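> Coordinates for the following, if possible.
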Amino acid sequence: MRHEKVIKDERGTVTITVDLHSFAAYTTDAKGNEYRYDICVLHIPPRKRNAIIDNTIATPSEILEAKLELWNKIKPC
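Purely as a prediction, here's the structure:
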């Protein structure tokens with residue numbers, strides 16, 4: 001499942017893409033988690049057209065907010 005959060009501010013346009021991967025029953029990743037989040041951050045500087053992959057431009061709170069938005073979309077009622 002994929003969720004994109006777009007933030008436009010003085011840094012330009014920051015797009016945070018969160019991919020959620022779930023594993024089959026009785027399997028986990030190396031840390032013992034049944035779900036894995038993959039984060040990709042694209043940054044388009046002001047007055048530019050090309051996107052740059054820059055995982056340091058987004059703050060940890062913005063990344064956490066994007067993860068929570070994805071979780072709120074898929075969580076059971």
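
> what about the most centrally placed residue in the chain, helix or strand, and which?
Centroid-nearest residue in the chain, with CA atoms, centre = their mean: residue 18, separated by 2.8 Å. If you go by DSSP states H and E, residue 18 is part of strand 12-22.

> Quickly run through the sheet partners of that strand, with directions.
Using DSSP bridges, strand 12-22 pairs in its sheet with strand 2-9 (antiparallel), strand 35-44 (antiparallel).

> thinking again about what came up before, give me the beta-bridge partners of the residue nearest to the centre of the chain?
residue 3, residue 39.

> Residue 42 versus that one, what's the distance?
Distance check for residue 18 against residue 42: by CB to CB, to the nearest Å, it reads 12 Å. C-beta here means a position set from N, CA and C on the backbone, and glycine is covered the same way.

> Report how many residues lie close to residue 20.
Residue 20 has 16 neighbouring residues, counting by other CB atoms under 10 Å.

> and residue 20, what is it in contact with?
Neighbouring residues of residue 20 by CB atoms under 8 Å, 6 or more residues apart in numbering: 1-3, 35-37, 70, 74.

> can you do 6 Å?
The contact partners of residue 20, by CB atoms under 6 Å, 6 or more residues apart in numbering, come to 1, 37.
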